[in-house]
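Engineer: Return a 3D structure for these sequence lines:
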Amino acid sequence: MRLLIADDHGVVRGGLKLLLERQADMEVVAEAGDGAEAVERALAERPDVCILDVSMPKLTGLQAAREIKSHAPEVAVLILSMHDDDRYLFEALKAGAGGYVLKKEADQFLVDAVRSVVRNEPFLTNAAQRALVREWMADDSTGPVEPLTPREQEVLKLIAEAHTNREIGEILHLSEKTVESHRGNLLRKLGMRDRVELVRYAIRRGLVEP
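Structural biologist: Model (predicted):
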């Protein structure tokens, strides 16, 4: 199995790589330090599984998962998270992830999770969460309502990280004019006046860390 690991902490990536490469049938073929790099490396290498941390610069793991699945649906995605929170779980499923593992449980469950998602079997470590997923999959209307489109969430995260419109355009492959349009839509849709309010909203939503 060819694997990609994306986490903005090199020590974490090193530990995960060590854990996975102890398995005779697993090889880490690519690493990434942010979400945008994860998408780029995933599309270049086409690994069997991408293991993505939720909280990364430029694109979150959930945003990166969405981009990867839209361009390479055959690549399985596994989300690693510090957040034991149904909202993140729902967002991971919507983004196309096949598994969700808490970082504190990675030593115990990560290898099994990789094997599961390669077989197209969903992997969640908690029985209650598995029940929740079955309910969600049976009814598309179940789950939290997100007012922003995936692209608006990507732009919002980058605004909150203090990137300029030009830099945001380069990261997301959009024109500056399109980015400016998204910025205006965000302010209007969220009823906000300026970047400071957008940053506060992005922190509350977990798109960036305070």
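Engineer: now the strands for this structure?
Structural biologist: Taking DSSP state E to define them, one finds strands in the chain at 2-6, 27-32, 49-53, 76-81, 99-102, 123-124.
Engineer: so the first one versus strand 76-81, what angle?
Structural biologist: Here strand 2-6 runs at an angle of 30 degrees relative to strand 76-81 (axes from the mean of the first three to the mean of the last three CA atoms, to 10 degrees).
Engineer: from the chain's centre, how far out does strand 2-6 sit?
Structural biologist: 13 Å (CA atoms, centre = their mean, to the nearest Å).
Engineer: List the buried residues of that strand.
Structural biologist: 3, 4, 5, 6 (16 or more other CB atoms under 10 Å). Placement of C-beta: from N, CA and C, glycine included.
Engineer: Quick check: the two most widely separated of those?
Structural biologist: Spatial extent of the buried residues of strand 2-6 (CB to CB) is set by the pair 3 and 6 at 10.5 Å.
Engineer: residues in contact with the spatially closest residue to residue 57 that is not a sequence neighbour?
Structural biologist: Leaving aside its chain neighbours, residue 57 sits nearest to residue 34 (4.4 Å; criterion: CB to CB, 6 or more residues apart in numbering). Residues in contact with residue 34, defined by CB atoms under 8 Å, 6 or more residues apart in numbering, are 6, 8, 56, 57, 58, 59.
Engineer: again, but for residue 43
Structural biologist: 68, 71, 72.
Engineer: what do residue 3 and residue 6 both touch?
Structural biologist: By CB under 8 Å, 6+ apart, the residues touching both residue 3 and residue 6 are 50, 51.
Engineer: Show the pLDDT at the residue nearest to residue 57.
Structural biologist: At residue 34, the model reports a pLDDT of 95.
Engineer: cool, and the one 4 residues further on?
Structural biologist: At residue 38, the predicted lDDT confidence score is 96.
Engineer: Looks like it contacts residue 6 (just checking).
Structural biologist: Yes. Judged on CB atoms under 8 Å, residue 38 makes contact with residue 6 at a distance of 3.6 Å.
Engineer: Would you mind listing the residues touching both of the two?
Structural biologist: Going by CB under 8 Å, 6+ apart, residues that sit against residue 38 and also against residue 6 are 32, 50, 52, 56, 61, 64.
Engineer: Test my guess that residue 56 contacts residue 38.
Structural biologist: Yes. Taking CB under 8 Å as the definition, residue 56 is a contact partner of residue 38 at 7.3 Å.
Engineer: More neighbours: which of these two?
Structural biologist: The neighbour count for residue 56 versus residue 38, taken as other CB atoms under 10 Å, is higher for residue 38 (31 against 24).
Engineer: Please identify which of the contacts of residue 43 is nearest to residue 165.
Structural biologist: For those, the nearest to residue 165 is residue 71 (24.1 Å; CB to CB).
Engineer: quick revisit: from residue 99, how far off is the residue nearest to residue 57?
Structural biologist: 21 Å (CB to CB, to the nearest Å).
Engineer: Just list what the longest helix seen in the chain packs against, helices and strands only.
Structural biologist: For the chain, the helix with the greatest residue count under DSSP state H is helix 176-190. In terms of contacts (3 or more CB pairs under 8 Å, 6 or more residues apart in numbering; DSSP states H and E), helix 176-190 is packed against helix 150-160, helix 165-172, helix 195-204.
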